[in-house]
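>>> Starting from these lines, generate the structure:
(chains A and B)
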Protein chains: 2
Amino acid sequence: MIRMAAIGTGSITRRTVAAARSVTGLRFTAAYSRDAARAAALASDLGLEHASADLMALLASPDVDAVYVASPNAVHAGHVRAALDAGKHVFCEKPLVGTVAEFDELATLAAERGVVLLENMRSAHDPVMTRVADLLPTLGPVRRVSFSYSQKSARYDALLRGEQVGVFDPAVGGGALTDLGIYCLHPLVRLFGSPAEVAASFVHVATGADASGAALASYPGMVAELSWSKSTWGRVGSTIEGEAGTLVLDHIAELHELTVEYADGRRVAERPDKEPDNITYALRRFVAVVEGASGADDLAWSRGAIDLLERIRARR
Amino acid sequence: MIRMAAIGTGSITRRTVAAARSVTGLRFTAAYSRDAARAAALASDLGLEHASADLMALLASPDVDAVYVASPNAVHAGHVRAALDAGKHVFCEKPLVGTVAEFDELATLAAERGVVLLENMRSAHDPVMTRVADLLPTLGPVRRVSFSYSQKSARYDALLRGEQVGVFDPAVGGGALTDLGIYCLHPLVRLFGSPAEVAASFVHVATGADASGAALASYPGMVAELSWSKSTWGRVGSTIEGEAGTLVLDHIAELHELTVEYADGRRVAERPDKEPDNITYALRRFVAVVEGASGADDLAWSRGAIDLLERIRARR
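Predicted structure coming up:
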């Protein structure tokens, strides 16, 4: 049984702890926040045994096997480094870090300490995405890809009124690219590898954060558009267009169904039975890797997505 | 009654002549081809009185008031120039020409001769597109636009087998950008004006023609992705995402229905009664301008689309 401590008290922590209830071999046992009252409230809400405001003590505890890092993006690296250094396995919210240099440093540290480092890319092991990977060779040469994730933030109107809003605060790593765009980047890299060239364009809000944007990723014989927005709503799916067929996903992160229309008239439409939250699949993967499965692919996909993130951000 | 001669014997000529049957004030009376037999066959098929293989004689005829130019893109400019010079009104297939310099020369010539020059952008006066323009102010600040037109050419597999295929022959102006992409460019310019910056990426086939591609068009506070393909099929609509609502079009060129979902929960879904072919609306517009309505907006939209075409092509 992997006993896990959560760092960070945001809504994603509540969601991940809830998803973990149907995961065998892992149990959340502790909550950490710099603010002792918040840590205590979260532990109480979620039925966790321990609350801590002392990170070093928590990481030194023999009762903690692994750490779930769900702090603001800008402080992921520090929390991950401290946990790995203490010999704990780490499951970290996406994007793990903002640069490949940081990623490589942390991956090396994990290898040295003999512990697992994995990113919570919840779509990666979603059965619908796994099915996409299986169907990909049937599409013929893929020429166009369009992955899009637009979801207007519930806090966007507050931001426009001048309120302080964390998800649009660049100081804590806020912005639409790292929040939603990363869900477009990760499957692109997983399915097609790293692009040869990248162009990008951003729309910023008054805080300096990017509220929406788009990128073109060029491959030999293929071009992908990625787009994301926290200031508007999206209403269309994501597609992979091959010469022999076109695959449509209903949503690039919250996957429910896929359809493929083939040149020969065949049509595949699938809506698999699934766990209610696909974080469950990412957590099960984490357990499997801690128990000995290779996490090499997962790390390669995360590294590729972070590399692409860095290249897109450089075009800002 | 505007008596019109068709230059070019491709399928678009048949389609346009058929659409003209429900247009009051205009009648196709002649077909031209360099090949007399082809001109005669087309005239016979379409029930036109005259067939000609002598362009200068046709343009000198007092029985011809206007010319429909549907020759290959690469020779549009020469045909349009000759017709305008002869004092004939011109309705030309999209894209009218490939450069703004050519466009300006031809527009100036038309003004000097006191005749009308208009592009057959069939979506421009489609009632669904007109409704989009009407609804645009209700969407709030628009942050993201995605216009896409992918339709695998029936000739693509022949091309892959090594056959000569006109639509993929750069020598006659073939390629996906000018054929399908222009349908994405034109409404972008019509609805939002010219972008500040453009990036683009193309996928080429062995002939050197572009078979698919995508562009990013950046505006202050907004980013648009445009994508097109003649090597794959598209399966998603085009969208305009504003802070107050998102508008979805079923197809950027063959428009049938639009929906808008607003932040306040209102939903607009419209599927207007329409003519079977929206070329009819473009032809009616041509008649109206010949009869005295101002074609200034039409020319400005065409010029903007050609400017954007030129800027995108420069990124090839």
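
>>> Looks like A:Pro141 contacts A:Gly242 (just checking).
Yes. Assessed by Cβ atoms under 8 Å, A:Pro141 is found in contact with A:Gly242 at 6.2 Å. For glycine as for every other residue, the C-beta is placed from the backbone atoms N, C-alpha and C.

>>> Looking at the two, which is more packed in?
A:Gly242 (26 against 13; other Cβ atoms under 10 Å in any protein chain shown).

>>> show me what contacts that one?
Applying Cβ atoms under 8 Å, 6 or more residues apart in numbering or on different chains to A:Gly242 gives the contacts A:139-143, B:232.

>>> can you check A:Lys274 too?
Contact partners of A:Lys274, counting by Cβ under 8 Å, 6+ apart, are A:126-128, A:256.

>>> tell me which of the contacts of A:Gly242 is nearest to A:Gly166?
A:Val142 (37.4 Å; Cβ to Cβ).

>>> Name the nearest residue to the closest one, sequence neighbours excluded.
Leaving aside its chain neighbours, A:Val142 sits nearest to A:Gly242 (4.5 Å; criterion: Cβ to Cβ, 6 or more residues apart in numbering or on different chains).

>>> which parts of the stretch 1-150 of chain A sit against chain B?
The stretch 1-150 of chain A comes close to chain B at residues A:142-144, A:146, A:148, A:150, as judged by Cβ under 8 Å from any Cβ of the partner chain.

>>> Reformat those as TSV; add secondary structure.
Compiled in TSV, those are given as follows (DSSP: H, G, I helix; E, B strand; the rest coil):
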residue	secondary structure
A:Val142	strand
A:Arg143	strand
A:Arg144	strand
A:Ser146	strand
A:Ser148	strand
A:Ser150	strand
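
>>> quick one: which of the residues you listed has the most company?
With neighbours taken as other Cβ under 10 Å, the top of the residues of the stretch 1-150 of chain A next to chain B is A:Ser148, carrying 29 neighbours.

>>> A:Ser44: what's its closest spatial neighbour, skipping adjacent residues?
With sequence-adjacent residues excluded and distances taken as Cβ to Cβ, 6+ apart, A:Ser44 is closest to A:Ala51, at 7.7 Å.

>>> Helix, strand or coil: sort out the one you found for me.
strand.

>>> If you drop the residues flanking it in sequence, what lies closest to A:Ala66?
Using Cβ to Cβ, 6+ apart, the closest residue to A:Ala66 is A:His89 (3.8 Å).

>>> and the stretch 201-316 of chain A, which residues reach chain B?
Contact residues (Cβ under 8 Å from any Cβ) of the stretch 201-316 of chain A with chain B: A:201-203, A:211-216, A:218, A:221-225, A:227, A:229, A:231-237, A:239, A:241-243, A:245-246, A:248, A:259, A:261, A:263.

>>> For ChimeraX, write a command that selects the buried ones of these.
Buried residues among these (16 or more other Cβ atoms under 10 Å in any protein chain shown), as a ChimeraX selection:
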select /A:201,202,203,211,212,213,214,215,216,218,222,223,224,225,227,229,231,232,233,234,235,236,237,239,241,242,243,245,246,248,259,261,263
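
>>> Give me the subset of the residues of the stretch 201-316 of chain A next to chain B lying in strands.
Residues of those located in strands (DSSP state E): A:201-203, A:211-216, A:218, A:222-225, A:227, A:229, A:239, A:241-242, A:245-246, A:248, A:259, A:261.

>>> helices and strands of chain A: which one bottoms out on pLDDT?
Within chain A, confidence by mean pLDDT, DSSP states H and E is lowest for helix A:156-160 among all helices and strands, at a mean of 93.

>>> for that helix, the distance to its chain's centre please.
The chain centroid and the centroid of helix A:156-160 are separated by 24 Å under Cα atoms, centre = their mean, to the nearest Å.

>>> CA atoms only: put that helix into PDB for me.
In PDB, the C-alpha atoms belonging to helix A:156-160 read as follows (Å, rounded to 0.1, in the frame of the first residue of the first chain):
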ATOM      1  CA  TYR A 156     -12.600  35.200 -15.900                       C
ATOM      2  CA  ASP A 157     -15.400  37.800 -15.400                       C
ATOM      3  CA  ALA A 158     -14.000  38.500 -11.900                       C
ATOM      4  CA  LEU A 159     -10.600  39.100 -13.500                       C
ATOM      5  CA  LEU A 160     -12.200  41.600 -15.900                       C
END
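
>>> ok, and what's touching it?
So helix A:156-160 is in contact with A:153, A:165, A:168, A:205-207, A:211, A:230-231, B:243, going by Cβ under 8 Å, 6+ apart.

>>> and these, which are buried?
Buried among the contacts of helix A:156-160 by 16+ other Cβ under 10 Å: A:153, A:165, A:168, A:205, A:207, A:211, A:230-231, B:243.

>>> B:Glu197: which of these is nearest?
If you rank the buried ones among the contacts of helix A:156-160 by distance to B:Glu197 using Cβ to Cβ, A:Ala211 comes first, at 18.0 Å.

>>> Quick check: A:Arg3 touching A:Pro62?
No. If you go by Cβ under 8 Å, A:Arg3 and A:Pro62 don't touch, sitting 9.6 Å apart.

>>> So which of these two has more stuff around it?
A:Arg3 (17 against 6).

>>> which residues sit in contact with that one?
A:27, A:29-30, A:63-66.

>>> other SSEs contacting the helix ranked longest in chain A?
Longest helix in chain A, counting residues (DSSP state H): helix A:296-313. With contacts defined as 3 or more Cβ pairs under 8 Å, 6 or more residues apart in numbering or on different chains; DSSP states H and E, helix A:296-313 has these neighbours: helix A:100-113, strand A:117-120, helix A:182-192, strand A:197-204, strand A:210-219.

>>> Now do it and helix A:100-113, the angle between them.
160 degrees (axes from the mean of the first three to the mean of the last three Cα atoms, to 10 degrees).

>>> Quick one: mean pLDDT for helix A:296-313?
The average pLDDT for helix A:296-313 rounds to 98.

>>> got it, and stretch A:23-34?
For stretch A:23-34, the mean pLDDT works out to 97.

>>> what does stretch A:59-71 contact?
Contacts for stretch A:59-71 (Cβ under 8 Å, 6+ apart): A:2-8, A:10, A:12-13, A:16, A:26, A:28-30, A:50, A:58, A:76, A:79-80, A:82-83, A:85-86, A:88-93, A:116, A:120, A:286, A:290.

>>> And for stretch A:6-21?
Under the contact criterion Cβ under 8 Å, 6+ apart, stretch A:6-21 has outside partners A:4, A:26-28, A:30-33, A:35, A:38-39, A:41-42, A:45-46, A:48, A:55, A:67-72, A:79, A:83, A:93, A:120, A:275, A:277, A:279-280, A:283.

>>> Many thanks, I have nothing further to ask.
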